[in-house]
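Asker: Provided below are the primary sequence and the corresponding predicted coordinates.
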Amino acid sequence: MATIRKRGEYQWEAQIRKKGYPAQSKTFITKTEAEAWVAVIESEMVRGVFVSRAESESTTLDQALERYAHEISDGKKGVRQDLYRIRSLQKLPLAKRFLANILSTDIAKHRDSRLSIGWAPATVVRELALISHLFNVCRKEWGMHALQNPVELIRRPVIKNDRERRILGTLVYCFRDGALQSEELDELQMLSMHTDSFELPFFLTVAVETAMRRSEILSLTHKDVDTKKRVARLADTKNGSSREVPLSSKAAAAFDALPRQLDGRIFTMTADAVTRAFNRALSRARSAYEEGQKGALMAGGLSESQACEKIAAAPFLVDLRLHDLRHEATSLLAEIFPIHELAKITGHKDTRMLLRYYHPKAEELAKKLA
């Protein structure tokens, strides 16, 4: 049985009570809208397809995000990143909207807005993934069964962040004892020479020798590493699977050279501290490289402006990222191990991802042919 009554001067309240269903009520601006809503709900009840929309029509995106933060994000490994995205979303006008009123067009506009202010496609995709998961949790676990997921109806930005950056080596000039001297060095050696962090050089060695992720290296304790058998055991990884990583002699030596800590940890640095130390060393190393190269080029007869122009075009220590060490290590290991063994070492569940690291030369492949 339906009842429509006027509330105040400008609102109409519709109520529906039917045996076997929870009572439904909703407020409208006009009586016509209220009558139309009643007709739809009663028709669905008669046909046995009615699903209550009450909760999704009274829960804002902001409220749902807050509940998601406490009930879902707290159980994730990437809880910090999740909470950062949630707080960012809660500041938007869209967060004040009721879940049932958020359409795919609203999500598409939000996507375009993020991209227009310079967000990377990968960053936008991760935020959309969180929103999509939120709507799915609301529908499947929080009783909002009639709620549709608007993210499923829009295009995701195309991610084009494949990197083939390898560690470079070059002839580096520097002033020693008042004289210009040269030495063949690679970028990691330069970073190790220009850092004030005791642990960073060892971290760089382990990273480029094992292909382990930053978080995996920092999670290691002395009981996880057997330098005699040259094996590191990772109990908790990004993809949720444990694995054992073989250690080269250089990696084993790096572990042995680090002092033992009372808490059992091998590296005392946090993830953020490693990144900051890496970036500081990169800046200092590049400055030292430019200074030495400038001196060498000017000694060779180039003017200062010509030397600076040539140095600016040099790729050494430019656009180098910490994660490039994992790419470098995987590329080197791909020359030694078949792809199924490589996947066990690096922790990739999809071997197709490893094809990014395998770059054989055509002439080398031709030698394998009869």
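Answerer: Alright, I've got the coordinates. All values reported here derive from a predicted model rather than from experimental measurement.

Asker: Could you use CA atoms for every contact and neighbour count after this?
Answerer: OK.

Asker: and Gln15, that one's in a helix?
Answerer: No. Using DSSP: H, G, I helix; E, B strand; the rest coil, the assignment for Gln15 is strand, not a helix.

Asker: Three-state assignment for the closest residue to it other than its chain neighbours, please.
Answerer: Of all residues not flanking Gln15 in the chain, Ser25 sits nearest, at 4.3 Å (CA to CA, 6 or more residues apart in numbering). When classified by three-state DSSP, Ser25 comes out as strand.

Asker: I'd say Ser25 and Arg5 touch.
Answerer: No. Assessed by CA atoms under 8 Å, Ser25 is found out of contact with Arg5, at 11.1 Å.

Asker: So the two - more neighbours on which side?
Answerer: Neighbours were counted for Ser25 and for Arg5 using other CA atoms under 10 Å; Ser25 has more, 17 against 13.

Asker: who touches that one in this structure?
Answerer: 13-16 (CA atoms under 8 Å, 6 or more residues apart in numbering).

Asker: Next up, phi/psi of the closest residue to Leu180 other than its chain neighbours, please.
Answerer: Using CA to CA, 6+ apart and skipping residues adjacent in sequence, the residue nearest Leu180 is Cys174, 5.6 Å away. The phi/psi pair for Cys174 (degrees, to the nearest 10) reads phi -150, psi 160.

Asker: In terms of pLDDT, where does Cys174 sit?
Answerer: In this model, Cys174 is scored at 83, pLDDT.

Asker: Glu184 is in contact with that one, correct?
Answerer: No. Contact criterion CA under 8 Å: Cys174 and Glu184 do not qualify, at 11.3 Å.

Asker: So between these two, which is more surrounded?
Answerer: Cys174 (20 against 10).

Asker: Enumerate the beta-bridge partners assigned to that one.
Answerer: Gln181 (DSSP bridges).

Asker: Give me the next element, helix or strand, following the one helix or strand Lys250 maps to.
Answerer: Assignment of secondary structure by DSSP states H and E places Lys250 within helix 249-257. Next helix or strand after helix 249-257 toward the C-terminus (DSSP H and E): helix 271-299.

Asker: buried ones in that following helix?
Answerer: For helix 271-299, burial by neighbour count (16 or more other CA atoms under 10 Å) applies to 274-275, 277-286, 288-297.

Asker: For the stretch 51-200 of the chain, which segments count as helices?
Answerer: Ranges of helices in the stretch 51-200 of the chain, per DSSP state H, counting those that start in this stretch, are 54-58, 61-71, 79-90, 104-116, 121-140, 187-193, 200-210.

Asker: Would you mind pulling up the elements that the longest one packs against?
Answerer: Looking back up the chat, that one is helix 121-140. helix 61-71, helix 104-116 (3 or more CA pairs under 8 Å, 6 or more residues apart in numbering; DSSP states H and E).

Asker: which other residues reach it?
Answerer: Contacts for helix 121-140 (CA under 8 Å, 6+ apart): 64-65, 68, 82, 85, 111, 114-115, 144-152, 156-161.

Asker: Quick check: which ranges of the stretch 51-200 of the chain have low pLDDT?
Answerer: Flagging of the stretch 51-200 of the chain using pLDDT under 70 yields the residue ranges 51-52, 54, 161.

Asker: Go again with 90.
Answerer: 51-59, 74-81, 100, 139, 143-148, 158-166, 173-183 (pLDDT under 90).

Asker: tell me the domain ranges of this protein?
Answerer: Using automatic domain parsing, the domains assigned to the chain come out as 2-50, 58-153, 169-367.

Asker: tell me the most buried of the helices of the stretch 51-200 of the chain?
Answerer: Comparing these by mean neighbour count (mean count of other CA atoms under 10 Å), helix 200-210 ranks first with a mean of 22.

Asker: Check the offset of that one from the chain's centre.
Answerer: Offset of helix 200-210 from its chain centre (CA atoms, centre = their mean, to the nearest Å): 21 Å.

Asker: Remind me what it packs against, helices and strands.
Answerer: helix 187-193, helix 214-219, helix 249-257, helix 271-299, helix 324-334.

Asker: Quick one: list the elements packing against the third one.
Answerer: So that's helix 249-257. Against helix 249-257 (3+ CA pairs under 8 Å, 6+ apart) you get helix 200-210.

Asker: mind checking how far the nearest residue to Ser249 once chain neighbours are set aside is from His194?
Answerer: Closest residue in space to Ser249, ignoring its immediate chain neighbours: Arg230 at 7.6 Å, by CA to CA, 6+ apart. Relative to His194, Arg230 is positioned 29 Å away (criterion: CA to CA, to the nearest Å).
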